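Q: Sequence below, structure please.
(2 chains)
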Amino acid sequence: DAGVIQSPRHEVTEMGQEVTLRCKPISGHNSLFWYRQTMMRGLELLIYFNNNVPIDDSGMPEDRFSAKMPNASFSTLKIQPSEPRDSAVYFCASIPLGTVNEKLFFGSGTQLSVL
Amino acid sequence: GQSLEQPSEVTAVEGAIVQINCTYQTSGFYGLSWYQQHDGGAPTFLSYNALDGLEETGRFSSFLSRSDSYGYLLLQELQMKDSASYFCAGNAGKSTFGDGTTLTVKP
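A: Next up, the predicted model:
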């Protein structure tokens, strides 16, 4: 079974550029989470979806961040325009139907560097 | 909201036993999960407690006391490969993570 797949693994961009991170959850999982990890703030939940519908986006830092889940097998997190303080590792995670997110399955993450 | 507190660092020697504590303040709490993360890697699930008491999974065990808002992860027969960061996460509709404990296992 393929796990959660994220792309790209590494992204280096310049301040002001648009960045799009991609995630493919595990087949059959109906909830998807976007987390950001930094040394200063740890693992922060940005947004999560249930059945492709955004449920809680209270962790999205500001309007520069947006996330979509057009279907059950794909989600994107977009930052426009990007800033150096957005540099972090962004993780996507999914869980199957019928759980209370006690066991998140994480992708390998995208290391984002904004110069 | 939720907040979870863990020690920032723990050091132990190979073969020893180490306990990583987690205290939490949360509403709508379902249970407590534990994750391991090696440098440069993704968090991976270790254990989950929905009920009070001890859950054992091989060398790792996790404990929860809801009345004390407290849990811990117990690692036995430590190996060098156990050097990693360990996170507790409170489950309440969504998972909120503690800041993590860096475990260093020395020979």
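
Q: For chain A, which residues are neighbours of chain B?
A: By Cβ under 8 Å from any Cβ of the partner chain, the residues of chain A that approach chain B are A:33, A:35, A:42-43, A:45, A:48, A:56, A:91, A:100-109. C-betas here are computed from N, CA, C, even on glycine.

Q: try 6 Å
A: Contact residues, chain A versus chain B (Cβ under 6 Å from any Cβ of the partner chain): A:42, A:43, A:45, A:48, A:100, A:101, A:102, A:103, A:106, A:108, A:109.

Q: and residue A:92, what is it in contact with?
A: Applying Cβ atoms under 6 Å, 6 or more residues apart in numbering or on different chains, we find residue A:92 in contact with A:4, A:6, A:23, A:34, A:107.

Q: Is it correct that the last one is in contact with residue A:4?
A: Yes: between residue A:107 and residue A:4 there is a contact at 3.7 Å, judged by Cβ atoms under 6 Å.

Q: returning to that earlier point: out of the contacts of residue A:92, which are inside strands?
A: If you go by DSSP state E, these have A:6, A:23, A:34 in strands.

Q: could I get the residues you listed as CSV with distance to residue B:27 and pLDDT?
A: Shown next, in CSV, are these (distance: Cβ to Cβ, whole Å; pLDDT from 0 to 100):
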residue, distance to residue B:27, pLDDT
A:6, 31, 98
A:23, 29, 98
A:34, 23, 98
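
Q: picking that back up, chain B: which of the contacts of residue A:92 is nearest?
A: Taking Cβ to the nearest Cβ as the measure, chain B sits nearest to residue A:107 out of the contacts of residue A:92, at 6.4 Å.

Q: Could you check the pLDDT of that closest one?
A: Model confidence at residue A:107, expressed as pLDDT, equals 98.

Q: Could you do residue A:13 as well?
A: pLDDT for residue A:13: 97.

Q: same question, residue B:27
A: 72.

Q: And the one 5 residues further on, by the same measure?
A: Model confidence at residue B:32, expressed as pLDDT, equals 94.
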